[in-house]
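J.: Just need the structure, nothing else, for what follows:
(one chain, ligands or ions: 3)
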Amino acid sequence: MAVRSPVLNVMANAALKAARGLRRDFGEVEQLQVSIKGPGDFVSTADLRAERTIKTELTRARPGYALLFEEGGATQGSDPHHRWIVDPLDGTTNFLHGVPHFCISIALEREGEIVAGLVYDPTRDEMFWGEKGAGAYLNDRRLRASARRQVGEALIGTGMPFRDRARQDEYLATLAAVMPATHGVRRFGAAALDLAYVAAGRFDGFWEFGLSPWDIAAGMLLVREAGGYISDLAGGQTMMTSGDILAANDHLHLPLAAMLKEALRGATR
Ligand code: IPD
Ligand code: CA
Ligand code: CA
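T.: Numbering: from 1, shown residues only. Ligands and ions are numbered 1, 2, ... in the order given. I've put the predicted structure just below:
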């Protein structure tokens, strides 16, 4: 039986509480698809409400910690060592369109290093969580990244740039390289869940450009604790600042990194 530490219980309680609201709001959104006004404003409110709930829960339990929330931005804390990094709703476009694939992502950073991560999918009631040195879990089950060694057998997740089109050509070059070389590419639309799926061995790898710290902080910890490897697209460790990320099982990271590097060499920037 997996036992969560006190701080992970704080994270889990915050996520479960916010998820109740998101689930209810998602039901509304499904109705709003057919209305003329559409669900846009409603979704922004749902997003902000989830963020408020999580903020209240986390700061009640750990009052001095600094915050980095997607909507509310950065807030300094009296404790200079700890910071929460939170995306209250990852997969907003799915949520907005009534597609049941979205999540809450909560990470805890200590002295600049991610030490705990939790990604919760309210639709499937799947809680991915982990702590540095203690492993990663899905609900009560220990997670391991997949054992596949052949790129040709790998299922790879990705995210396409949809706001910042500046790197579209670069991205398309990587997609053109990965698509025919692997068993398949999936674009599910929630980066935190994509990373959790790598940790769970559902995806053998995942790459995306230009993500934000709240999209990846929790998922990166899960992948590492499940035995996977993470880098940016040049093989470095700038993921939290560049937002460029490649996560994969230990065997496939190197060949995938080489493939992406080669594709990017030939692409226009
Ligand atoms: C987005 C999702 C998506 C990814 C985007 C993110 P949001 O986050 O993670 O999968 O492709 O780059 O911005 O806006 O739904 O929180
Ligand atoms: Ca996000
Ligand atoms: Ca978000």
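J.: Quick check: the gap between Ile54 and Arg60.
T.: 11 Å (C-beta to C-beta, to the nearest Å). C-beta: built from backbone N, CA, C; applies to glycine.
J.: higher neighbour count, those two?
T.: More crowded of Ile54 and Arg60, by other C-beta atoms under 10 Å: Ile54, with 26 against 11.
J.: how far out from the middle of the chain is the helix or strand hosting the more buried one?
T.: Using DSSP states H and E, Ile54 sits within helix 40-61. The chain centre lies 18 Å from the centre of helix 40-61; the measure is C-alpha atoms, centre = their mean, to the nearest Å.
J.: Skipping its backbone neighbours, what lies nearest the residue sitting nearest the centre point of the chain in space?
T.: Geometric centre of the chain, nearest residue: Ala192, 1.2 Å, by C-alpha atoms, centre = their mean. Spatially, and ignoring its direct neighbours in sequence, Ala192 is nearest to Ser105 (3.8 Å; C-beta to C-beta, 6 or more residues apart in numbering).
J.: got the contact list for the one you found?
T.: Counting by C-beta atoms under 8 Å, 6 or more residues apart in numbering, Ser105 touches Val86, Asp87, Asp90, Gly117, Leu118, Val119, Ala192, Trp214, Asp215, Ala217, Ala218, Gly219.
J.: For Arg24, state which of the residues you listed is nearest.
T.: Distance to Arg24, by C-beta to C-beta, is smallest for Asp90 among the contacts of Ser105, at 18.2 Å.
J.: what sits opposite that closest one in the beta ladder?
T.: Going by DSSP bridges, Asp90 is paired in beta bridges with Cys103.
J.: Nearest spatial neighbour of whatever residue of the stretch 101-250 of the chain ends up closest to ligand 2, chain-adjacent residues omitted?
T.: In the stretch 101-250 of the chain, the residue found nearest to ligand 2 is Asp215; the distance is 4.2 Å by C-beta to the ion. What sits nearest to Asp215 in space, not counting adjacent residues and going by C-beta to C-beta, 6+ apart, is Ala191, at 4.2 Å.
J.: And for the one you found, the neighbour number?
T.: Ala191: 27 neighbours (other C-beta under 10 Å).
J.: Residue numbers of the protein in contact with ligand 1?
T.: Within the chain, the positions near ligand 1 by C-beta under 6 Å from any ligand atom are Asp87, Asp90, Gly91, Thr92, Thr93, Gly159, Gly189, Ala190, Ala191, Glu208, Leu211, Asp215.
J.: Can I get the buried part of those residues as one PyMOL selection?
T.: Of the residues of the chain next to ligand 1, the buried ones go into a single PyMOL selection, burial set by 16 or more other C-beta atoms under 10 Å:
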select buried, resi 87+90+91+92+159+189+190+191+208+211+215
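J.: for the residue in the stretch 151-269 of the chain that ligand 3 sits nearest to, phi and psi?
T.: Using C-beta to the ion, the single residue of the stretch 151-269 of the chain nearest to ligand 3 is Trp214, 7.1 Å away. With angles defined as degrees, to the nearest 10, Trp214 sits at phi -70, psi -20.
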